[in-house]
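J.: With the input below, show me the fold.
(3 chains)
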Amino acid sequence: MAKTLMKGNEALAESALRAGCRFFSGYPITPQTEILEYMSWRMREVGGEFVQTESEVAGINMLFGASAAGARALTSSSGPGFSLKQEGISYLCGTELPAVIVDVMRIGSALGNVFQGQGDYWQLTRGGGHGDYRTIVLAPASVQENADMAYEAFDLAEKYTHPVLIASDAAIGQMVEAVELKDFHDHDINKYDWVIKGRKEGEDKRIAENVYYAMGADEYKDFLLEKYKRIEDNEQKWESVNTEDAEVVLVSYGISSRVCKEAVKIARKKGIKLGLIRLKTLWPFPKKAFDALTSDIAGFLCVEMSILGQMVDDVKLATDNKFPVKCYSEFSNVPDPAIIIERAEKMLLENGGRK
Amino acid sequence: MIGEIVCSGFGGQGVLVAGMILAYAGMGQDKYVTWFPSYGAEMRGGTANCNVKISEDEIASPYVKEIDVLLAMNETSVDKFENQIKAGGVMVVNSSIVSPNRDFRSDIKVVKVPANEIARREANPKGLNIIMLGAMAGATEIFEPDYLKSAVDKYFADKGKVNPKNSLCFDAGINSCII
Amino acid sequence: MKYSIPKTITNIESGWCPGCGHGIVTRLLAETTEELGISDKVIIVRDVACGSMQSGVVTYNNIGAAHGRTIAVAAGAKRIRKEDIVIANPGDGSAYSIGIESTMHAALRNENILALVVNNSVFGMTGGQMSPTTLPGQKTTSSPYGRDTSYNGNLLDIMKVLNTFDIAYLARGSVDSPSAVMKAKKYIKKALMMQQDNKGFCLVEILSPCPTNWGLSPEDSLKFIKEKQQEYFPLGEYVDKGGYDK
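T.: Presented below is the predicted three-dimensional model:
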């Protein structure tokens, strides 16, 4: 298919439909609203179900029902609305149901504001709701990746019968770029043996509820540890840019990582050996990308749009705390390549480069 | 980077579409393009703008910091963006509604286009943005005028909204800046 | 008289307290679906707490929803399984307190589901706290001096709210006597027929005893329904778009 110009939010919505998504329930909030608006007419065209719900809580719970019934289901939100989704995300995890939930991140706690931010990193990667769980979190950095990751997210969700979150942001969601969309894929709502439908005589009874009830505490513990290990082993995704000989390695994702790529290019021209690990999954955190690095690195510089430097802990954990880890954090502004390079040079000065 | 462009004006003047056409033209030449709108609360109050980048290489931020070309369709747009234009950059001004007596920066090229008058003459009130694009094509080297003109037609043809008056507006835009 | 147990009732012990009304409501559901020949189409969406114990005593496939979300979850499931019969089973706390938003909006959207609400005027599982249907003067663990409407707020009669809505069916039954049970069964059956005919949203509320939390014997609980609960919550059909009586 030829490339077309699409807004990030719309490319994501269209791509989800092409992946076989036939259920969307959501609520308006900037900067996510184009997903809802796009679905409001396009879902009808493809013969699926669109509901503008009374609240985000209703949205995630309707999605829960649709998912249990076997559909590929999507909901999306931003900021305060995404907080309201957490109840349902915890239930999807406990019940082992697949679904795709998009967080088009905006800035700030409370109402914050509608501009791009990356301050939901902790909420996205630590669970966000109650109980012992994590979700798979994909981090697109372009309109193309918004489309591609939305398409893959449903397969991934079904592979692990687990919710997959897409950590988009206002910049990725609002911008238009050229995008190539994948073909339409049919999803069979009866594909899996866990889907809930009327029970015919002689069939096994199916119950969609917290899987711990049927397993018992001990088995559930083993089940969960094994499941999360399997995801961590298999689903780490990242892109390494010039890390082979890098003296300072940037760590970034989403809109910030695009600027980091530019900073690496500029720095290299100046003779500064800068590299980049761009996270494509926030959880599982791509520890393998760090394992592959040699030991004489002056340090890691996290570049993210969160004031408190939410990604820093994960980089320290991934590197067993053996390297200095600093953070260049922005709030609502997209990071500046000149500042990135300045910070990296400072790290080199303080910690020394390759011997 | 081939060009960093801001299109700005009142809602209804077609500034967002002008930007989309530029991105579309860039995509047609296999360039990297980004288009970024003002949105949310910014959109209220009747002004709109969009940032367009066209590049041979991957584009980092979609935000334009230093402007190569500004399409300023009203006075507010000049107030807001003139200072962000690079020295030697180009500002295409809708001189129908931007005060002709105002002082513009001397280190940029200012192209004055009476877009409203031309649109009226061509009986194409929705053609303001196309006139501005025509003027931009005449005054800058980002796109060959003939190519951009064909991209305008193709853009609308893709949407099933062909209007033969668009190419007349485009030509009138080019001509207005050759004077 | 021929007596048989519906095939969809299992022989697993329920866990409900002696004198509880949940068992009767479940039995009515089993009988009506069997009589209509739709047992193999039923999907139950149950709440947490006492209502969740229904899962074990029926053979239906079912979904355990979060507290207060059965109606939203059921609406989501029904939109995917239009051939199936989807029944949400909330209690009064679920449907009228935490989940009232979804109760109202599912009704506004005329979602083609049955909300079968068991109303015992308390939060049962958590130990008998005040609910939106606790009666004035009724003592609960969170209204220990009796519900004072000027202090605790007024109670909610869902019939007064939803009877102005463009929905398919709205009725309130009770299980306080054999004749009341038979009437309640008729209401449930009608609502299921409406869903089969895609007529839209149905809500059937059943006044149901909770001897444990009311601090009454099972017999006195039935009396309480008849003499007290029904004073505030009159029985009957409030919306009926089915035309099945003719």
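J.: Under the pLDDT cut-off, which ranges of the stretch 151-300 of chain A? List them.
T.: Under the criterion pLDDT under 70, no range of the stretch 151-300 of chain A is flagged.
J.: Excluding sequence neighbours, find me the nearest residue to residue C:211.
T.: Counting by Cβ to Cβ, 6 or more residues apart in numbering or on different chains, residue C:19 is the residue found nearest to residue C:211 once chain neighbours are left out, at 4.0 Å. All C-beta atoms are positioned from the backbone trio N, CA, C, and that covers glycine.
J.: tally of neighbours for the one you found?
T.: Residue C:19: 18 surrounding residues under other Cβ atoms under 10 Å in any protein chain shown.
J.: isn't it right next to residue C:218, touching?
T.: Yes: judged on Cβ atoms under 8 Å, residue C:19 makes contact with residue C:218 at a distance of 2.9 Å.
J.: For whichever strand or helix holds residue A:232, name the packing helices and strands.
T.: Following DSSP states H and E, one finds residue A:232 within helix A:217-234. With contacts defined as 3 or more Cβ pairs under 8 Å, 6 or more residues apart in numbering or on different chains; DSSP states H and E, helix A:217-234 has these neighbours: helix A:211-215.
J.: what does the helix it packs on rub up against?
T.: Contact with helix A:211-215 is made by A:94-96, A:207, A:220, A:223, as judged by Cβ atoms under 8 Å, 6 or more residues apart in numbering or on different chains.
J.: Buried only: go through those for me.
T.: Buried positions within the contacts of helix A:211-215, assessed by neighbour count (16 or more other Cβ atoms under 10 Å in any protein chain shown), are A:94-96, A:207, A:220.
J.: Pull the most distant pair out of those.
T.: Across the buried ones among the contacts of helix A:211-215, the longest distance by Cβ to Cβ is 15.2 Å; it joins A:207 and A:220.
J.: circling back: any idea of the pLDDT on the residue nearest to residue C:211?
T.: You'll see residue C:19 listed with a pLDDT of 95.
J.: From residue C:172, how far out is it?
T.: Residue C:19 sits 21 Å away from residue C:172, taking Cβ to Cβ, to the nearest Å as the criterion.
J.: for residue B:175, same thing?
T.: The span separating residue B:175 from residue C:172 equals 78 Å under the rule Cβ to Cβ.
J.: Repeat that for residue B:12.
T.: Between residue B:12 and residue C:172 the distance is 55 Å, computed by Cβ to Cβ.
J.: These two: who's more crowded?
T.: When neighbours are counted by other Cβ under 10 Å, residue B:12 and residue C:172 differ, and residue C:172 comes out ahead with 23 against 11.
J.: which bits of chain B sit near chain A?
T.: If contacts are counted using Cβ under 8 Å from any Cβ of the partner chain, the residues of chain B sitting beside chain A are B:20, B:23-24, B:27, B:32-37, B:39-41, B:58-63.
J.: which of these are buried?
T.: Among the residues of chain B next to chain A, those buried by neighbour count (16+ other Cβ under 10 Å) are B:20, B:23-24, B:27, B:32-37, B:39-40, B:59-63.
J.: Go through the residues you listed and flag which are in helices.
T.: Under the assignment DSSP state H, those contribute B:20, B:23-24, B:27 to helices.
J.: And the residue nearest the centre of chain B?
T.: Centroid-nearest residue in chain B, with Cα atoms, centre = their mean: residue B:71, separated by 4.2 Å.
J.: which residues are common contacts for residue C:19 and residue C:218?
T.: Counting by Cβ under 8 Å, 6+ apart, the contacts common to residue C:19 and residue C:218 are C:209, C:211.
J.: Poorly predicted segments of chain C, please.
T.: For chain C, counting by pLDDT under 70, the residues that fall below are C:1, C:246.
J.: which parts of it sit against chain A?
T.: Those residues of chain C that sit near chain A, judged by Cβ under 8 Å from any Cβ, are C:7, C:38, C:40-43, C:45, C:55, C:59-66, C:69, C:72-81, C:83-85, C:101-102, C:104-105, C:109.
J.: which of those are buried?
T.: By the neighbour-count criterion of 16+ other Cβ under 10 Å, the residues of chain C next to chain A include these buried positions: C:38, C:40-43, C:45, C:55, C:59-66, C:69, C:72-81, C:84-85, C:101-102, C:104-105, C:109.
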